[in-house]
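Chemist: Got a sequence here, can you model it:
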Amino acid sequence: MTTEAADRAATTYPSSLRRTSLTAFGSLAFVALGVWLLIDHATLKGVLAGAAAVLFFGLCACVAIGRLLRRRPELVLTGEGLTHVMLGSIRWTEIAEVTVREIRVRSTSQRVIELVLNDPDAYLARAPRTARIAGKANLRFGYSPATISATTLPVDLDEVVAAMRRHHPELRIRR
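Modeler: As a prediction, the model looks like this:
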């Protein structure tokens with residue numbers, strides 16, 4: 001690592017207030033739909049769908065509202081590594097390469113920064129609980145356990161990747 005990169009001021013990205021608010025409101029709407037399914041539908045399918053909606057989207061709403069209230073930075077890049085609100089801290093030396101991937105699920109897609117780690121198991125052993133659960137699921141689907149979603153950042157992912165390169169010029173980036 002160069003001294004210039006180590007001395008560079010941190011690059012901080014706050015959560016996107018607009019996107020996080022939309023996530024919170026959308027999740028609350030699906031919670032309301034789930035409650036309606038629970039109350040108004042006496043079929044087993046309706047009750048199961050309602051319960052699943054309330055649980056899943058209730059959790060999503062709690063996370064989004066928590067982010068709105070705390071207003072912690074979403075991502076901080078330094079000469080030593082990065083700190084992400086959900087992933088925790090990861091040093092540049094732990095990252096083999098960075099890729100920008102488009103993950104398709106049915107008719108929709110989402111762009112993410114995938115941090116390909118040298119030792120995913122070592123990261124998962126110390127990762128925050130939520131990141132550990134999501135990371136294990138990502139591994140089962142063939143992805144890295146550490147991904148940064150475009151949804152929560154206020155800037156384009158290409159800008160974030162460029163900032164990563166500024167902080168760690170030796171970082172391998174695959175497009």
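Chemist: Could you measure from residue 123 over to residue 64?
Modeler: Distance, residue 123 to residue 64, by C-beta to C-beta, to the nearest Å: 25 Å. In this view, the C-beta of every residue, glycine as well, is placed from N, C-alpha and C.
Chemist: I misspoke; the intended subject was residue 121.
Modeler: When distance is defined by C-beta to C-beta, residue 121 is 30 Å away from residue 64.
Chemist: And residue 103, by the same measure?
Modeler: To residue 64, residue 103 is 20 Å away according to C-beta to C-beta.
Chemist: same thing with residue 160?
Modeler: Residue 160 is 20 Å from residue 64, where distance means C-beta to C-beta.
Chemist: cool, residue 143 as well?
Modeler: Residue 143 is 22 Å from residue 64, where distance means C-beta to C-beta.
Chemist: low-scoring pLDDT stretches of this protein, where are they?
Modeler: Applying pLDDT under 70 to the chain flags the ranges 1-7.
Chemist: where exactly do the helices run in it?
Modeler: For the chain, applying DSSP state H gives helices covering 3-7, 17-40, 44-70, 120-126, 129-140, 157-167.
Chemist: Dump these to CSV, plus distance to residue 77 and mean neighbour count.
Modeler: Formatted as CSV, those follow (distance: least, C-beta to C-beta, whole Å; neighbours: other C-beta atoms under 10 Å):
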stretch, distance to residue 77, mean neighbour count
helix 3-7, 10, 11
helix 17-40, 20, 15
helix 44-70, 19, 15
helix 120-126, 17, 14
helix 129-140, 18, 15
helix 157-167, 5, 17
